[in-house]
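[1] got a structure for you, letters missing:
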């Protein structure tokens with residue numbers, strides 16, 4: 001959903017949280033040469049840390065606007081799944097069997113489940129993905145980015161959204177100790193006694209070493225969707241009545257995911273009021289800078305909670321300021337398309353940009369576009385050829401996730417990468 005983070009950063013963050021890397025991480029300490037980008041994959045840059053994430057958002061966004069993705073793009077995503085149902089961030093050789101060294105990723109798996117469920121015809125892959133996610137649930141009811149690490153709100157939220165989209169009831173998905181998925185998530189919410197008062201209702205990524213819960217926009221936006229039992233694809237027709245989000249009412253309804261989601265939406269609405277966008281302090285920076293990815297996620301979350309009025313200013317800010325951030329990025333463009341869809345905005349005229357055409361240009365041509373091209377008269381093709389008519393990676397993703405720092409990124413996780 002959002003916002004979300006560089007997978008590479010998250011993997012390191014997970015290690016920081018645990019204090020020692022799982023065995024599977026030892027083999028990624030020394031980067032390998034960048035793999036060749038497969039022809040079926042969206043985006044032109046190194047997919048090592050975000051291949052499945054960006055592909056899933058590209059396919060989900062295309063489906064949302066009625067574009068039929070290229071079959072090779074769908075096949076590539078399905079082919080990334082391991083036999084046990086989990087997905088790694090990227091497997092250069094999908095023909096090779098996954099083994100103990102394959103670093104499976106709850107976030108990649110969860111977003112792939114959402115995309116494949118939306119596309120249809122992939123029931124077996126969806127079920128395997130759901131079963132794997134259930135198998136790596138932590139004892140506290142939550143999930144970590146890397147299985148075996150401490151739970152955190154962002155990954156727990158993304159997994160809950162995937163479970164809900166796949167038809168599961170998160171409240172009934174329980175760990176071996178009997179803790180439900182929602183129990184795992186709600187433990188990260190700042191309550192009515194939190195200070196400063198403006199942070200009340202927000203979610204922390206993880207508690208600090210002394211047990212405090214620092215507000216985190218990425219985790220909060222994801223938690224809104226999870227608490228409402230929704231995925232990243234939010235239909236404007238299914239959203240509640242459009243109202244302005246209110247701050248968390250005290251006392252909040254303890255243990256109620258929907259009430260928790262509304263409290264989180266209230267936090268986001270207040271955070272957006274000042275500048276029309278969220279901010280983040282990236283590594284090496286002296287001052288916070290606009291956080292485009294998390295702002296887009298906040299728009300989707302507010303729309304899902306029925307607060308499009310509260311998201312209106314941020315939506316306009318995105319129209320005017322997101323072009324450079326999303327240029328050439330399947331995940332970034334896909335997120336903006338989903339934000340436009342959730343708010344009933346035309347993604348083909350988004351601040352002067354046709355987001356759909358820009359997304360399609362980052363990978364294999366959609367099936368309908370390919371068919372139209374093949375139907376053109378030869379003279380037309382020659383004319384286009386004669387006229388010469390033809391149709392970046394690095395979103396800085398910083399991290400500090402470990403028992404008290406949380407994740408700071410430029411855009412929601414891998415979502416904001418190419």
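    Noted; the coordinates are in hand. Keep in mind it's a predicted model, so treat the numbers as computed, not measured.
[2] Could you pull up the mean pLDDT of stretch 206-214?
    Along stretch 206-214, the predicted local confidence has a mean pLDDT of 95.
[3] Provide a list of residue ranges in the stretch 1-150 of the chain with pLDDT below threshold.
    For the stretch 1-150 of the chain, the stretches flagged by pLDDT under 70 are 1-34.
[4] where do the strands sit along it?
    Assigned by DSSP state E, counting those that start in this stretch, the strands in the stretch 1-150 of the chain fall at 3-4.
[5] And stretch 37-49, end to end?
    12 Å (Cα to Cα, to the nearest Å).
[6] Pull out the buried residues from that stretch.
    The neighbour-count criterion (16 or more other Cβ atoms under 10 Å) identifies 37-38, 40-43, 45-49 as the buried residues of stretch 37-49. C-betas here are computed from N, CA, C, even on glycine.
[7] Repeat that for stretch 306-320.
    Applying a neighbour-count criterion of 16+ other Cβ under 10 Å, one finds 306-308, 310-315, 317-319 buried in stretch 306-320.
[8] Please tell me how far that stretch is from the chain's geometric centre.
    The offset between the C-alpha centroid of stretch 306-320 and the centroid of the whole chain comes to 19 Å, using Cα atoms, centre = their mean, to the nearest Å.
[9] Repeat that for stretch 141-148.
    16 Å.
[10] Output the buried residues of stretch 306-320 as JSON lines; include the columns secondary structure, pLDDT and distance to residue 195.
    Formatted as JSON lines, these follow (DSSP: H, G, I helix; E, B strand; the rest coil; pLDDT from 0 to 100; distance: Cβ to Cβ, whole Å):
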{"residue": "306", "secondary structure": "coil", "pLDDT": "94", "distance to residue 195": "28"}
{"residue": "307", "secondary structure": "coil", "pLDDT": "94", "distance to residue 195": "24"}
{"residue": "308", "secondary structure": "helix", "pLDDT": "92", "distance to residue 195": "30"}
{"residue": "310", "secondary structure": "helix", "pLDDT": "94", "distance to residue 195": "23"}
{"residue": "311", "secondary structure": "helix", "pLDDT": "95", "distance to residue 195": "26"}
{"residue": "312", "secondary structure": "helix", "pLDDT": "95", "distance to residue 195": "29"}
{"residue": "313", "secondary structure": "helix", "pLDDT": "96", "distance to residue 195": "26"}
{"residue": "314", "secondary structure": "helix", "pLDDT": "97", "distance to residue 195": "25"}
{"residue": "315", "secondary structure": "helix", "pLDDT": "98", "distance to residue 195": "30"}
{"residue": "317", "secondary structure": "helix", "pLDDT": "98", "distance to residue 195": "28"}
{"residue": "318", "secondary structure": "helix", "pLDDT": "98", "distance to residue 195": "31"}
{"residue": "319", "secondary structure": "helix", "pLDDT": "98", "distance to residue 195": "35"}
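[11] hang on, isn't residue 102 packed against residue 88?
    Yes - the pair residue 102 / residue 88 is scored as a contact, 5.4 Å apart, by Cβ atoms under 8 Å.
[12] how close does residue 135 get to residue 354?
    Using Cβ to Cβ, to the nearest Å, one obtains 42 Å as the distance from residue 135 to residue 354.
[13] and the two? which has more neighbours close in?
    residue 354 (14 against 11; other Cβ atoms under 10 Å).
[14] So which residues of the stretch 51-200 of the chain form helices?
    Secondary structure of the stretch 51-200 of the chain, counting by DSSP state H, counting those that start in this stretch: helices at 51-64, 71-79, 106-119, 123-135, 153-165, 181-186.
[15] Redo those helices as TSV? Include distance to residue 171.
    As requested, the helices of the stretch 51-200 of the chain are arranged in TSV below (distance: least, Cβ to Cβ, whole Å):
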stretch	distance to residue 171
helix 51-64	25
helix 71-79	29
helix 106-119	17
helix 123-135	14
helix 153-165	10
helix 181-186	5
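[16] So which of those is nearest residue 268?
    Relative to residue 268, the nearest member of the helices of the stretch 51-200 of the chain by Cβ to Cβ is helix 153-165, separated by 13.4 Å.
[17] for the record, mean pLDDT for that closest one?
    When the per-residue pLDDT values of helix 153-165 are averaged, the result is 98.
[18] Grab the longest helix from this protein for me.
    Counting residues, the longest helix found in the chain (DSSP state H) is helix 257-273.
[19] For it, which helices and strands make contact with it?
    helix 181-186, helix 217-227, helix 292-304, helix 308-321 (3 or more Cβ pairs under 8 Å, 6 or more residues apart in numbering; DSSP states H and E).
[20] which stretch among those comes nearest residue 332?
    Put simply, out of these the one that sits nearest residue 332 is helix 292-304, at 7.1 Å, with distance taken as Cβ to Cβ.
[21] Tell me which other helices or strands that closest one touches.
    Here helix 292-304 touches strand 3-4, helix 217-227, helix 257-273, helix 308-321, helix 323-326, helix 330-342, strand 412-413, going by 3+ Cβ pairs under 8 Å, 6+ apart.
[22] For my notes, please list the ones you listed in CSV and give distance to residue 110 for each entry.
    Putting the helices and strands packed on helix 292-304 into CSV (distance: least, Cβ to Cβ, whole Å) gives the following:
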stretch, distance to residue 110
strand 3-4, 11
helix 217-227, 10
helix 257-273, 17
helix 308-321, 24
helix 323-326, 22
helix 330-342, 14
strand 412-413, 11
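[23] How many neighbouring residues does the nearest residue to residue 97 once chain neighbours are set aside have?
    Spatially, and ignoring its direct neighbours in sequence, residue 97 is nearest to residue 83 (6.8 Å; Cβ to Cβ, 6 or more residues apart in numbering). Other residues near residue 83 come to 9 when the count uses other Cβ under 10 Å.
[24] next one: the one 3 residues further on
    Residues within reach of residue 86, counting by other Cβ under 10 Å, total 25.
[25] contacting residues around it?
    With contact taken as Cβ atoms under 8 Å, 6 or more residues apart in numbering, residue 86 is in contact with 98, 104-105, 109, 129, 132-133, 136.
[26] dump the residue contacts of the closest residue to residue 313 other than its chain neighbours.
    In space, and not counting its chain neighbours, residue 313 is closest to residue 276: 4.3 Å by Cβ to Cβ, 6+ apart. For residue 276, the contacting residues are 313-314, 316-317, by Cβ under 8 Å, 6+ apart.
[27] Greatest separation within the residues you listed: which pair is it?
    Greatest spacing in the contacts of residue 276, by Cβ to Cβ: 314 and 316 (7.4 Å).
[28] hmm, back to that, distance to residue 229 added to the buried residues of stretch 37-49, as a markdown table?
    A markdown table is the format used below for these (distance: Cβ to Cβ, whole Å):
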| residue | distance to residue 229 |
| --- | --- |
| 37 | 35 |
| 38 | 34 |
| 40 | 32 |
| 41 | 31 |
| 42 | 28 |
| 43 | 30 |
| 45 | 34 |
| 46 | 35 |
| 47 | 31 |
| 48 | 33 |
| 49 | 29 |
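[29] All set, thanks.
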